[in-house]
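Trainee: From the sequence below, what's the structure:
(2 chains)
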Amino acid sequence: SAVISQKPSRDICQRGTSLTIQCQVDSQVTMMFWYRQQPGQSLTLIATANQGSEATYESGFVIDKFPISRPNLTFSTLTVSNMSPEDSSIYLCSVTGTGGRFEQYFGPGTRLTVT
Amino acid sequence: TQLLEQSPQFLSIQEGENLTVYCNSSSVFSSLQWYRQEPGEGPVLLVTVVTGGEVKKLKRLTFQFGDARKDSSLHITAAQPGDTGLYLCAGALDTGRRALTFGSGTRLQVQP
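Mentor: Predicted structure coming up:
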């Protein structure tokens, strides 16, 4: 499985500011995803990061709030814009495996606290 | 409404006990995965099941996919403190879409 790293691992930010989270994979992957995990909750898909085109957002998530870049097959960024305390969550990127059975492999996550 | 419902939500047991976690839906999945997540880490894939009725074993863990591919269970025999964590089921809907739908999660604590 791919090795996935995320930066930063955690951050404390003030409301109204923006934070960009990076996701780096050690091999080329077709599909990358961004998830949010609110405290004590399960994972909610934010968007699919598409290489060379705009990200595909899930219901309830919009590009203005969560702009995503995917410049190549090993890297993606998620920006959390104009943050509020409700954005305090763990943000996770994931990639699909090569086995064709829809498995996903996750980065370690970025723990964001907004004050 | 959660597409994949897990039960129980919380489970605190003594070392050596057995337990079963359930993952249920009214939708059909082309595959279903189970993950375990520990604090400060991302979810780690435990198993993938793809065939209705399939049973897979991973040491003390037994995973079953329902005949109709709408539900799954995870059974742990003789639980150990190292089994403590958040267990998540996740499924790929039978639509060809590669995004996963995650269950609500089961938080397991095994007391020594």
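
Trainee: And the spatially most central residue of chain A, what's its pLDDT?
Mentor: In chain A, the residue lying closest to the centroid (CA atoms, centre = their mean) is A:Trp34, at 3.2 Å. Per-residue confidence at A:Trp34 stands at 97 (pLDDT).

Trainee: go on, A:Gly99?
Mentor: Reported pLDDT for A:Gly99: 69.

Trainee: likewise B:Tyr22?
Mentor: 98.

Trainee: That one against B:Asp71, yeah?
Mentor: Yes: the pair B:Tyr22 / B:Asp71 is scored as a contact, 7.1 Å apart, by CB atoms under 8 Å. All C-beta spots, glycine's among them, are computed from the backbone N, C-alpha and C.

Trainee: what residue ranges in chain B score low on pLDDT?
Mentor: The model of chain B has pLDDT under 70 over residues B:1-2, B:94-97.

Trainee: Which residue would be the closest one in it to chain A?
Mentor: Nearest residue of chain B to chain A, counting by CB to the nearest CB: B:Gly42, 3.3 Å away.

Trainee: got the contact list for that residue?
Mentor: Residues in contact with B:Gly42 (CB atoms under 8 Å, 6 or more residues apart in numbering or on different chains) are A:Ile4, A:Leu92, A:Ser94, A:Phe106, A:Gly107, A:Pro108, A:Gly109.

Trainee: Verify the stated contact: the first one with A:Gly97.
Mentor: I take that to be A:Ile4. No: A:Ile4 lies out of contact with A:Gly97 (CB under 8 Å); the separation is 11.7 Å.

Trainee: what residues do the two have in common as contacts?
Mentor: Common neighbours of A:Ile4 and A:Gly97 (CB under 8 Å, 6+ apart) are A:Tyr105.

Trainee: beta partners of residue 32?
Mentor: Using chain A here. Legend: beta-bridge partners of A:Met32 under DSSP bridges are A:Ala49, A:Val95.

Trainee: look at chain B instead
Mentor: Beta-bridge partners, per DSSP bridges, of B:Leu32: B:Val49, B:Gly91.

Trainee: and the gap between it and B:Arg69?
Mentor: Per CB to CB, to the nearest Å, B:Leu32 is found 8 Å from B:Arg69.

Trainee: okay, those two: which has more neighbours?
Mentor: B:Leu32 (29 against 22; other CB atoms under 10 Å in any protein chain shown).

Trainee: Run through the residues that contact the more buried one.
Mentor: Applying CB under 8 Å, 6+ apart, the residues near B:Leu32 are B:Cys23, B:Thr48, B:Val49, B:Val50, B:Phe65, B:Arg69, B:Ser72, B:Cys89, B:Ala90, B:Gly91, B:Ala92.

Trainee: run the last query once more with 10 Å
Mentor: Listed by CB atoms under 10 Å, 6 or more residues apart in numbering or on different chains, the contact set of B:Leu32 reads A:101-102, B:4, B:23, B:25, B:47-50, B:54, B:63, B:65-66, B:69-72, B:89-92, B:100-101, B:103.

Trainee: ok, now A:Pro108?
Mentor: Counted by CB under 10 Å, 6+ apart, A:Pro108 has contacts A:Ile4, A:Ser5, A:Gln6, A:Ser9, A:Ile90, A:Leu92, A:Cys93, B:Gly40, B:Glu41, B:Gly42.

Trainee: Please consider this matter closed, and thank you.
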